[in-house]
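Novice: pasting a predicted model and its sequence here:
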Amino acid sequence: GFRAGDLIANTFAYHFAPAASMLECGARAVGCTVVPTGIGQTEMQVQAIADLKPAGYIGTPSFLKIILEKADELKADVSSLKKAVVSGEAFFPNQKALCAERGIDALQAYGTADLGLVAYETEAREGLVLEEAVILEIVRPGTGDPVAPGEVGEVVITSFNPDYPLIRFGTGDLSAVLPGISPCGRTNVRIKGWMGRAD
């Protein structure tokens, strides 16, 4: 839901990890202005959001929850936040409910440092749609054998990125394929989302 002209607070780390840079590049590509707030310093994060009034948030769902709770404690107005892309960890139902209560349309993205984006949630909120540039396998952990459709297994991805190709990259994450196409109309394969670790 990010649009040209939106101001976005990017709370991912800008050092030793590519998440902040990857998501900033995507936001800037659609015309957003990104404030690189980075991680930590919760009170400063709240003050920056209250002062700058960004429309969007990029970061982990748990940190968004911490920021919202700290804003309540400080009686700071962070109601400018209306949309969020969350990633880096599971997006639990209680976190989704908190965002909805605050009027924040939060959708999750699933990726890795090596692969970049793997799958993303749409407004249908029924699983994550696989990025079209990757090939997905769900395998029995430790064996590499494919599991039956719908069964939980390790996410294995093949990416033909010419700069950094990866063949059968085992993510260590667990998920399962969802049957059918997304109610939003996207036709690519969907996964249930992050369901734990294989290792």
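Specialist: Thanks, I have it.

Novice: what residues of stretch 104-122 count as buried?
Specialist: 104, 106-112, 115-122 (16 or more other Cβ atoms under 10 Å). All C-beta spots, glycine's among them, are computed from the backbone N, C-alpha and C.

Novice: got the end-to-end distance for it?
Specialist: 15 Å (Cα to Cα, to the nearest Å).

Novice: now that stretch: average pLDDT?
Specialist: The pLDDT scores in stretch 104-122 average 95.

Novice: just checking, what packs against the top helix by length along the chain?
Specialist: Taking DSSP state H as the assignment, the helix of the chain that covers the most residues is helix 61-74. When contacts are defined as 3 or more Cβ pairs under 8 Å, 6 or more residues apart in numbering; DSSP states H and E, helix 61-74 packs onto helix 42-52, strand 83-86, helix 93-101, strand 105-112.

Novice: now do that helix: distance to the chain's middle.
Specialist: Its chain's average C-alpha position is 18 Å from that of helix 61-74, according to Cα atoms, centre = their mean, to the nearest Å.

Novice: ok, now stretch 31-46?
Specialist: In terms of Cα atoms, centre = their mean, the centre of stretch 31-46 is found 16 Å from the chain centre.

Novice: with stretch 81-97 instead?
Specialist: Distance, centroid of stretch 81-97 to centroid of chain: 8 Å (Cα atoms, centre = their mean).

Novice: widest-spaced pair of the buried residues of stretch 104-122?
Specialist: 104 and 115 (26.9 Å; Cβ to Cβ).

Novice: where are the low-confidence patches of the chain?
Specialist: Under the criterion pLDDT under 70, no range of the chain is flagged.

Novice: which residues in this protein form strands?
Specialist: 7-10, 33-35, 56-59, 83-86, 105-112, 116-121, 128-130, 134-139, 153-159, 166-175, 177-178, 190-191 (DSSP state E).

Novice: the nearest residue to residue 194 once chain neighbours are set aside: neighbouring residues, count only.
Specialist: Leaving aside its chain neighbours, residue 194 sits nearest to residue 90 (4.9 Å; criterion: Cβ to Cβ, 6 or more residues apart in numbering). Using other Cβ atoms under 10 Å, residue 90 is surrounded by 16 other residues.

Novice: shouldn't residue 90 be in contact with residue 193?
Specialist: Yes. Shown here, residue 90 and residue 193 form a contact pair, counting by Cβ atoms under 8 Å, at 7.5 Å.
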